[in-house]
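Engineer: here's a sequence, model it:
(2 chains)
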Amino acid sequence: MSEPVISIEHLSKRYVLGHQAANGDGLRHALENLLLAPGQWLTRRRERRQAAHEEFWALKDVSFEIQQGDVVGIIGRNGAGKSTLLKILSRITEPTRGRIAIEGRVASLLEVGTGFHQELTGRENIFLNGAILGMSKAEIKRKFDEIVAFSEVEQFLDTPVKRYSSGMYVRLAFAVAAHLEPEILIVDEVLAVGDAAFQKKCLGKIQDVSSRGRTVLFVSHSMPTILRLCKRVILLQRGAVAGDGPAEEMTRKYLSSGTDRAAERVWADRDKAPGDDVARLHSVRVRNAQGAVTESIDISEPFEIEVEYWNLQERLKPTVSIHFINEDGVLLFVTNDFVNPQWWSSARRPGLVRSRCLVPAHLLAEGQFFILAALCSYNPDRLHALERDVVCFQTVDQHDLDRVREKYTRVWPGALRPRLEWKVEEIQR
Amino acid sequence: MARLIIEAGRTERQYWRDLWRYRELFAFLAWRDLLIRYKQTAVGVAWAVLRPFLTMLALTLVMKVSKLKGDGASPVPLFVFSAMLPWQFFSTALSESGTSLITNSNLISKVYFPRLVVPASSVITSFVDFLIAAVFMAGLMIWYHFAPPWSVAALPIFVLLTFGASFGVGLWIAALMVKYRDFRFVVPFLVQFGLYAAPVFVMTRDIPEKWRLAYSLNPVVGIIDGFRWCVLGGANGLYWPGQVASLAGVAVLIVTGLWYFRKTERSFADII
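Structural biologist: Residues are numbered from 1 along each chain as shown, chains lettered A, B, ... in the order given. Reported below is the predicted structural model:
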C-alpha cells in the first residue's frame, strides 16, 4: 500500500445562513441603528447575532484517503457537499474544522475558462488563464504549441474570444487546463459542455493523466462518465460520506437513494422539490407495459416514462422534456410533451399534472439508460427544473423469437435497435 | 514534493510565501487590465490624457470665474494640473482597486490565489494612466516656459505616498464591498466629494491656522501639497506638520487596510 496523497480527517464546513440574509441590508441596518437610535445599537446587535445563528453544515465530519494514481469519483445529489469539498481542497474557502494533508501540486478545474476575458485574443487568454491556473510564464511558453494544437483554434488565435463559437471557447479553455501537469487534478463537472467528439477527447486526456500515475478527483452528475473513468467512488449525502467503494456499487446506491428503486424518484415535499415559482417536479417513474414501476424493461415491449409535476400558475405553459442518455453518455434523443397538440393548446390551471411519454417497443438497444427530466416553458424561454440521471433502467433482450436479432446471439452493436421493415425480392434468377 | 496542509486558520502561515509565488499572476492581471482598458474605444490611450486635460480646463475656468489666484506665481492651469495629477491617480486607483474584487468575482469563487494580488494589480493600471498624464504635464510646463525647481527630485517620494494612500483605502473598500455592495455607490460619491475637500483650488496655507492640522489629517492634502511643491516650488512651501500627519495617515491606512483585508479574506469566496 502506497502513501496516501490526500488524507482528509474530520473535515467540516459550516455556513451561516443568516449571514446571507443580512447581506443586502446589513450596512443600512448598521447605519440606521447607529444614527436613529444609538441607545438601541447594542440590543439590536444582539438580536442580529441571534438571527445569524441559523447554521448549515455543508460538510460534516468527512474523512477519507486517496492513494497515488487513483481516479476517484465523487457523486451525490445537489447540496450533498461535493462542491464545498472541492472548494476546500482547492483552497478557495477554508474548512471550519478538520484537516487535510496533500502531497504534491494541486490543480483544480472547477470551471472551464475561469478568468477568460471576452475582449482578449485566444493567444492572450492562454497566457492569462494559464497564470490563473498556476502555471508560470515559462511553462506556458513551453507548452504553447501543444495547447494550440489540442484546442484546434490555430486560425483564430489573434481573434478576441468573444467572436469565438461556444465550442471553440470551451476547446481552448480545456486545452489550457489539460496541460497543467499537476500531481493531483481536481475536476468539477466541466465535461458537461462541448460536443460529443470533444468530450471524448477530454475524457481521453483525463485517462491519460491518470495512466501517468497522477491522481484525479472527479465530480460529476453523469453516471456514465463516472463509470467509465473511475474505479473508486465516494458517495456524499447531506454533507457526510454515505458510501465509499467500487464505482458500480456506489452509482447503483446513488441512483436508488431516496427511494427504494432507481426507476422511481419522488419529491414528497413540494417546496423542496426541484423547480421554481412556475412548476416543480413531483415524481419521475419508469413503468413497463403492464404499468409496474421497474428498472428492467424488455426490449420487445413498449414502456413509459411518467413525470408528475406541480403547475403553480396560469400564465406560462410549462412542458416536460426528457432526454434519453445511454451508458456511454451519448444523448440519444430528446422528447417533449408539447407534441401533444391538445395539451399544448389547453389552458393551464394550478395543480398536479401527469405527463407520460410512451416509448414504443424495439427502439432502444440493450444496456443501461439514464433519464434527464426538465420542466420548461417557451416564449419566453424559461427553465424551471432540470434533473440529471433522475431515473435509470436496464433494457434486456431475452433472445426469444420476434426480436430484431432473431437468432443471432452475439453482440449486436448500435445505440438504438429499431425493428425496421425490410422489403426483399429476387430481381434476377 | 510539496506538502500542503489545509486547516482552519492555517492559511496565515503560508500566505506571504504564496504571495511571492503568485507574483506572475499579479503581473498578468495588471497586463490584462491594461490591454482591455482602452479596447473598442475610438481614441484609445488618449483618454488617459483627455480626462485630466478636460478636467483641468473646467477647473481653470472655475478658478478664473471665481477669481481665485492659485499660488500667485505659477500659471493657473499648471497650478490646477499639479493637483489634478495626484488626485486623478489617487481617485482612479482607489475606485479601481475598490471594485476589483467584485469585477473579478468569478476568479475569487473558482480559483485559489492570495486575494491581495487583485487590488494591488489594479493600482498598477491606474499608475500607467498617471505616467501618461505626467508626460502631458511636462508638455504643459514647456508650453508655459516653466522650469521645474530642484525639488522636482523629491517627486518619486510623493508618487510612492499616493500609491500607499490609494492602496490602503482600496483595500478597505475592496474588502467592505464584498460584503456591503453599498460601497459601489459610496465610492463615486467619495471621489466626487473628495475633489472639493482636497486643496485643488486653494492651498493649504489658505486654510485658517487653527484648522490647518485637522485639514491635513486627510492624507491626500499632504500628497497634493507635496506634488505642488515638487513641480512648482517657490511659493508652494511645505507645511511640515501636515506632511507628517499625511505620512502617518497613509501608514495607518495601509496597516489597517491589510489587517481588515486579511481578516475578511478567508470568507470572500463564501459571500461574494
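
Engineer: CA only for contacts and neighbour counts going forward, please
Structural biologist: Noted.

Engineer: what residue ranges in the stretch 1-150 of chain A are flagged as low confidence?
Structural biologist: Within the stretch 1-150 of chain A, the stretches with pLDDT under 70 are A:1-2, A:17-53.

Engineer: change it to 90
Structural biologist: Scanning the stretch 1-150 of chain A for pLDDT under 90 picks out A:1-5, A:14-58, A:67-71, A:75-84, A:86-87, A:89-97, A:99, A:102-120, A:130-137, A:150.

Engineer: can you give me the strands in it?
Structural biologist: A:4-16, A:55-67, A:71-75, A:97-103, A:106-109 (DSSP state E, counting those that start in this stretch).

Engineer: so which of those is the most surrounded?
Structural biologist: strand A:71-75 (a mean of 26; mean count of other CA atoms under 10 Å in any protein chain shown).

Engineer: follow-up on the earlier one: okay if I get the strands of the stretch 1-150 of chain A as CSV plus distance to chain B?
Structural biologist: Below are those laid out as CSV (distance: least, CA to the nearest CA, whole Å):
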stretch, distance to chain B
strand A:4-16, 8
strand A:55-67, 12
strand A:71-75, 18
strand A:97-103, 5
strand A:106-109, 7
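
Engineer: which residues of chain B lie near chain A?
Structural biologist: Selection of chain B residues close to chain A by CA under 8 Å from any CA of the partner chain yields B:1-9, B:22, B:24-25, B:28-29, B:32, B:35-36, B:39, B:104, B:106-113, B:179-182, B:266-271.

Engineer: which residues touch residue 127?
Structural biologist: Chain wasn't specified; assuming chain A. Listed by CA atoms under 8 Å, 6 or more residues apart in numbering or on different chains, the contact set of A:Phe127 reads A:137, A:140.

Engineer: nope, chain B
Structural biologist: B:89, B:93.

Engineer: just the buried ones from the residues of chain B next to chain A?
Structural biologist: B:5-8, B:22, B:24-25, B:28-29, B:32, B:106-113, B:179-182, B:266, B:268-270 (16 or more other CA atoms under 10 Å in any protein chain shown).

Engineer: which members of the residues of chain B next to chain A occur in strands, if any?
Structural biologist: Using DSSP state E, the subset of the residues of chain B next to chain A located in strands is B:3-7.

Engineer: the spatially closest residue to B:Val45 that is not a sequence neighbour: how many residues sit nearby?
Structural biologist: Closest residue in space to B:Val45, ignoring its immediate chain neighbours: B:Tyr38 at 6.1 Å, by CA to CA, 6 or more residues apart in numbering or on different chains. By other CA atoms under 10 Å in any protein chain shown, the residues close to B:Tyr38 number 15.

Engineer: against chain A, how distant is B:Tyr38?
Structural biologist: 10 Å (CA to the nearest CA, to the nearest Å).

Engineer: tell me the confidence at that residue?
Structural biologist: Looking at B:Tyr38, its pLDDT is 78.

Engineer: pretty sure A:Ala263 contacts A:Ser283?
Structural biologist: No - if you go by CA atoms under 8 Å, A:Ala263 and A:Ser283 don't touch, sitting 10.6 Å apart.

Engineer: those two: which is more packed in?
Structural biologist: A:Ala263 (24 against 19).

Engineer: contacts only, for the more buried one.
Structural biologist: Counting by CA under 8 Å, 6+ apart, A:Ala263 has contacts A:256, A:284-286, A:293-295, A:391-393.

Engineer: which among those residues are in contact with chain B?
Structural biologist: Contacts with chain B are made by none of the contacts of A:Ala263, judged by CA under 8 Å from any CA.

Engineer: looking at those, which is nearest B:Trp16?
Structural biologist: A:Ser256 (47.5 Å; CA to CA).

Engineer: so what pLDDT did the closest one get?
Structural biologist: For A:Ser256, pLDDT reads 66.

Engineer: same thing with the one 3 residues further on?
Structural biologist: The model reports A:Thr259 with a pLDDT of 46.

Engineer: thanks a lot, catch you later.
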